[in-house]
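Asks: here's a sequence, model it:
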Amino acid sequence: MAVHAELENEGSAVRIVVEGRFDFSAHKDFRESYEKIETPVEGYTVDMQNATYLDSSALGMLLLLRDFAGGDSAEVSIVNCNTDVRKILSISNFEQLFRIH
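Replies: You can find the predicted model right below:
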């Protein structure tokens, strides 16, 4: 499991890339990936292209990111989900909380 973040759009957005299994073992790295950004940003993108699995703790981590980003007014997108990850997000009704592409 690897998580890293990079600034995009001239520093106004953060892309968090998740690789491998997205579970509790990634909690510290995932949280630090967005908390360590020192400049204000307008939105967050979680790139799941290389994520192979996510569990309930990963869903909780996504909700913590949403709260950190501003709750209901947050701009958080989840992108590049494989079929299994997309199904878990759909079953959990996350499309009502996040933009999923």
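
Asks: Three-state assignment for residue 52, please.
Replies: Following DSSP: H, G, I helix; E, B strand; the rest coil, residue 52 is assigned to strand.

Asks: what is the mean pLDDT for the lengthiest helix in the chain?
Replies: Longest helix of the chain, by residue count under DSSP state H: helix 56-69. Averaging pLDDT along helix 56-69 gives 96.

Asks: got a list of contacts for that helix?
Replies: Helix 56-69 is contacted from outside by 16, 22-24, 26-27, 30-31, 34-35, 43-44, 46, 74-76, 78, 88, 92, 94, 97-98, using C-beta atoms under 8 Å, 6 or more residues apart in numbering. Just so you know, the C-beta spots here come from the backbone N, C-alpha and C atoms, and that holds for glycine as well.

Asks: again, only this time at 7 Å
Replies: Under the criterion C-beta atoms under 7 Å, 6 or more residues apart in numbering, residues 22-24, 27, 30-31, 34, 44, 46, 74-76, 92, 97-98 lie in contact with helix 56-69.
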